[in-house]
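# What follows is a protein structure lacking sequence information:
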Ligand code: HMG
Ligand code: MG
């Protein structure tokens, strides 16, 4: 059955901008984006990434962004932290929620975070302990849940195994990433069926990229399985630097339109998100990657 309410996790400032080519997006633009998204009613925003600036230059101003934003009460501003160094930097910047990111593919793990899956889990354990001591919640990502750019198909049991490890370590929610957007609805459903046997369904999030135009169809399939947390990126911004050809996350505007049609309320102002999408893509010199935004237009 479909969930009665859905929690949206907004990705544009992090997954959306991390792969932006060319010059650094100005810190002030990133901050304005985060503030606009919060004002539109998005209550969970992944705002920055405390990764190595050599690996992901576009996120090199994470401290400035996290300390500079105007915080709205009731909104959670989170950040990626791949290791203890990233966590310490995030804590110094006053971050209240962080996320670790692993993968269901060995090769992708190596390319993205320079270690094996087992090494990544061993690295996350002390990070979770430290975050717990600091009263900071930790989300966990599993990448390549419906396919890997290097290894091709990924078995659902492998996704379930990594998700379980992250959950047992203390991650409060596990976000399942179709990093390169190759999934189709039946595969998405099977992946959730395997994973929900290891992690409660209410602790699973769908993080789907739209490379092949399947993200909304895949979301509908997993909503029917009871998934009630969706990661999306305003204007469909984004892509992973270590997943060649990966396009952005499913557009927040399109997810909001789908959910409204299903009678599922989110408390987010669709028009305000559309306008924000036009504004940020204008700053980046292009059109929003959201069909709903293009159809409705800006106000
Ligand atoms: P490494 O080179 O193995 O790290 O990288 P190291 O521990 O050997 O350190 C090397 C240097 O990096 C040292 O500096 C460290 O201090 C520095 P040096 O002595 O050479 O001057 N360093 C750091 N600096 C700042 N912040 C840090 C940090 N850690 C080390 N946290 C590492 C390992 C994990 C750091 C690197 O591989 C990395 O940063 N990877 C991040 C890649 C990334 O951000 N990918 C995109 C996000 S994941 C994604 O998009 C998928 C997702 O959306 C879900 C989906 O779609 O599937 C989440
Ligand atoms: Mg992603």
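On my side now, so go ahead. Computed from a predicted structure; not experimentally measured. Ligands and ions are numbered 1, 2, ... in the order given.
# ok, residues contacting stretch 145-158?
With Cβ atoms under 8 Å, 6 or more residues apart in numbering as the test, stretch 145-158 has contacts from 103-108, 111, 144, 159, 176-180, 182-183, 187-188, 190-191, 193-195, 218, 243-246. Just so you know, the C-beta spots here come from the backbone N, C-alpha and C atoms, and that holds for glycine as well.
# switch the cut-off to 7 Å
Stretch 145-158 is contacted by residues 104-105, 107-108, 111, 144, 159, 176-178, 180, 182-183, 187-188, 190-191, 194, 243-244 when judged by Cβ atoms under 7 Å, 6 or more residues apart in numbering.
# And for stretch 131-143?
Under the contact criterion Cβ under 7 Å, 6+ apart, stretch 131-143 has outside partners 78, 87, 91, 95-104, 108, 112, 128, 159, 162-163, 166, 170-177, 179, 207.
# which of these come close to ligand 1?
Applying Cβ under 6 Å from any ligand atom, the subset of the contacts of stretch 131-143 adjacent to ligand 1 comprises 101, 112, 177, 179, 207.
# Centroid-wise, who is the farthest residue in this protein?
Using Cα atoms, centre = their mean, the residue of the chain lying farthest from its centre is residue 299. It sits 27.3 Å away.
# on that earlier part again, mind checking which of the contacts of stretch 131-143 are in helices?
Using DSSP state H, the subset of those located in helices is 87, 91, 108, 112, 128, 159, 162, 163, 166.
# which pair in these spans the largest distance?
91 and 159 (29.7 Å; Cβ to Cβ).
# need the helices for the stretch 101-250 of the chain, in chain order.
Remark: helices assigned in the stretch 101-250 of the chain by DSSP state H, counting those that start in this stretch are 106-113, 117-133, 156-169, 185-195, 215-224.
# residues near the closest residue in space to residue 4 that isn't next to it in sequence, how many?
Setting aside the residues directly before and after it, residue 4 is nearest to residue 264 in space (Cβ to Cβ, 6 or more residues apart in numbering), at 6.9 Å. Applying other Cβ atoms under 10 Å, we find 16 residues neighbouring residue 264.
# what residues are up against residue 264?
2, 3, 4, 5, 6.
# Could you tell me which of those residues count as buried?
Neighbour-count burial (16 or more other Cβ atoms under 10 Å) is assigned, among the contacts of residue 264, to 3, 6.
# Now flag whichever of the contacts of residue 264 is closest to ligand 1.
Distance to ligand 1 across the contacts of residue 264 (Cβ to the nearest ligand atom) is lowest for residue 6, with 18.8 Å.
# In this structure the closest one contacts residue 259, no?
Yes. Using Cβ atoms under 7 Å, residue 6 makes contact with residue 259 at a distance of 5.7 Å.
# Among the contacts of stretch 131-143, the buried ones, what's the ChimeraX command?
Buried members of these, defined by 16+ other Cβ under 10 Å, are picked up in ChimeraX with:
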select :78,87,91,95,96,97,98,99,100,101,102,103,104,108,112,128,159,162,163,166,170,171,173,174,175,176,177,179,207
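# Between all of the contacts of residue 264, which two are separated the most?
2 and 5 (10.2 Å).
# Out of the ones next to ligand 1 among the contacts of stretch 131-143, which comes closest to ligand 1?
Lowest distance from ligand 1 to those (Cβ to the nearest ligand atom) belongs to residue 177, with 2.3 Å.
# Roughly how far does that closest one sit from residue 269?
From residue 177 across to residue 269, the span is 27 Å (Cβ to Cβ, to the nearest Å).
# Then residue 55?
Residue 55 is 35 Å from residue 269, by Cβ to Cβ.
# and what of residue 41?
5 Å.
# that older thread, now do the shared contacts for residue 6 and residue 259.
residue 266.
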